[in-house]
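Peer 1: sequence and predicted structure are below.
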Amino acid sequence: MRRNVRFLFPEGKPRALTLSYDDGNVADRRLAGILNKHKIKGSFHLNAGTLGKNNVIAPEEIAELFQGHEISCHSFTHPFLERISRTEVVREMLEDRLELEKLAGYPVRGMSYPFGTYSQEVIEVLKSLDIVYARTVQSTGKFVLPENFLEWHPTCHHKDNLLERTAQFKKTPYSFSLFYVWGHSYEFDRENNWGLIEDFCAEIAGDETIWYATNIEIYDYSAALKRLEFSADSSLVKNPNSMPVWLSVNGSPVKVLPGELKTLNIPEPA
């Protein structure tokens, strides 16, 4: 490329944070309150077939409880998806999605794998059901977006040196960096360490260089960036999306509006 063009997150931010919590335990109430206090967003992956049972939140409370966050799939009854038939995988995911959409009031398009396990056949089923992302439990320790959103490996579990990783993330010089934290809210009760997530949120909240987003927001924005149409020399870009996107052009943030054909009018390097 003639010009140094890089992707940025919304409002020209170089970094993003997303959180992901599974199973819908009643401890999600406390966790959601902590996130709300610090204006941090999370994705909550739920099994519709277990709602209201065995310390799992009731179905009638999830819409209000998770307002501003994302309600996402985790299968209907939490089986090992790779150990059941293709038909059962379809049933597990479709029933979960149908019920959660009734409760949430919007399309539910993402998930996390029960037990973190999956297979290529499971991935193919998810594609056929229009599930666009699926989180694993394979921590990378890195601040990167996935190559394949249906094998979305997080940065770390919350008990894996969370505060040290936070300091590292805030110092990273690379633009378009993503910090992805996952876990289960009941672990804070079990290990009596709610102070960990409180300290983490207090430390990372309110940073103007960070976009605080749900999993599906990260996916949708990344998909919009991939649909951008560049000229061969990168001097022109067209945004065919319904949302604005941001680029860094020779170090300067540039906003490209929906439907806009924009000239990246930066002088050639000498």
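Peer 2: Great, that's in hand.
Peer 1: quick one: low-confidence ranges for the stretch 1-150 of the chain?
Peer 2: When residues are selected by pLDDT under 70, those of the stretch 1-150 of the chain lie in 1-3.
Peer 1: mind listing the strands for it?
Peer 2: Listed in chain order, the strands of the stretch 1-150 of the chain (DSSP state E, counting those that start in this stretch) span residues 5-8, 15-22, 42-46, 70-73, 110-112, 133-135.
Peer 1: for these, give me JSON lines that also has distance to A167 and mean neighbour count.
Peer 2: (Each C-beta comes from the backbone N, C-alpha and C, glycine too.) Conversion of those to JSON lines gives the following (distance: least, Cβ to Cβ, whole Å; neighbours: other Cβ atoms under 10 Å):
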{"stretch": "strand 5-8", "distance to A167": "22", "mean neighbour count": "18"}
{"stretch": "strand 15-22", "distance to A167": "13", "mean neighbour count": "25"}
{"stretch": "strand 42-46", "distance to A167": "21", "mean neighbour count": "28"}
{"stretch": "strand 70-73", "distance to A167": "27", "mean neighbour count": "27"}
{"stretch": "strand 110-112", "distance to A167": "26", "mean neighbour count": "28"}
{"stretch": "strand 133-135", "distance to A167": "24", "mean neighbour count": "26"}
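Peer 1: P258 is nearest to which of these?
Peer 2: strand 5-8 (16.4 Å; Cβ to Cβ).
Peer 1: what about the longest helix in this protein?
Peer 2: The single longest helix within the chain, with elements called by DSSP state H, is helix 86-104.
Peer 1: what sits closest to F115 if chain neighbours are left out?
Peer 2: Excluding its sequence neighbours, the residue lying closest to F115 (Cβ to Cβ, 6 or more residues apart in numbering) is F80, at 5.8 Å.
Peer 1: so what's that neighbour up against?
Peer 2: Contacts for F80 were tallied using Cβ atoms under 8 Å, 6 or more residues apart in numbering; they are P114, F115, T117.
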